[in-house]
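> Provided below are the primary sequence and the corresponding predicted coordinates.
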Amino acid sequence: MAGKDITKKADRLVLDAATKTRPEISYPTKWGFKIIGRNKEALEKCIKYIMKETGDKDHVCTLGNKSKTGKFHSFNASCTVDTEAERNKIFKYFEEHDDVDMVI
């Protein structure tokens, strides 16, 4: 995504090459993560584990979509993050977990 910038437009983030500034995020804020993997039960355990490991975070976790073939499942997990560093830390934990194929 080189050359693309993210801007806030109508309460949603959009990629916009014409805007040169990053959106300003006020912390603490509620942040959502979409976690995708092959094993639904393992993903749910992973989310609980990571939320506990990163500060015993109160969180909401809901089952998302299943791929057309049933090979992949997604969960939507959200929690309150106090800083950008904390948000990035949680993202990195998900990204590096063996049961997670992708995190958005």
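Right, received. Where do you want to start?

> pretty sure residue 60 is touching residue 78, no?
Yes. Because the distance of 5.1 Å satisfies Cβ atoms under 8 Å, residue 60 is recorded as touching residue 78. Quick note: C-beta positions are derived from backbone N, CA and C, even for glycine.

> and the two? Which one has more around it.
When neighbours are counted by other Cβ atoms under 10 Å, residue 78 comes out ahead of the other of residue 60 and residue 78, with 15 against 10.

> element containing the more buried one, please.
strand 73-81 (DSSP states H and E).

> let me see the contact set for the spatially most central residue of the chain.
For the chain, the residue whose C-alpha lies nearest the mean C-alpha position (Cα atoms, centre = their mean) is residue 33; its distance is 2.0 Å. Listed by Cβ atoms under 8 Å, 6 or more residues apart in numbering, the contact partners of residue 33 are 76, 77, 78, 90, 91, 94, 103, 104.

> and it, helix, strand or coil?
strand (DSSP: H, G, I helix; E, B strand; the rest coil).

> ditto for the one 3 residues further on
When classified by three-state DSSP, residue 36 comes out as strand.

> you'd agree it is up against residue 100?
Yes. A contact is recorded between residue 36 and residue 100 when judged using Cβ under 8 Å, the distance being 7.1 Å.

> for the two, indicate the residue with more neighbours.
Neighbours of residue 36 and residue 100, each counted by other Cβ under 10 Å, are more numerous for residue 100; the result is 21 against 18.

> dump the residue contacts of residue 65.
Residue 65 is in contact with 73, 74, counting by Cβ under 8 Å, 6+ apart.

> please apply the same query to residue 103.
The neighbourhood of residue 103, defined by Cβ under 8 Å, 6+ apart, consists of 33, 34, 35, 36, 91, 94, 95.
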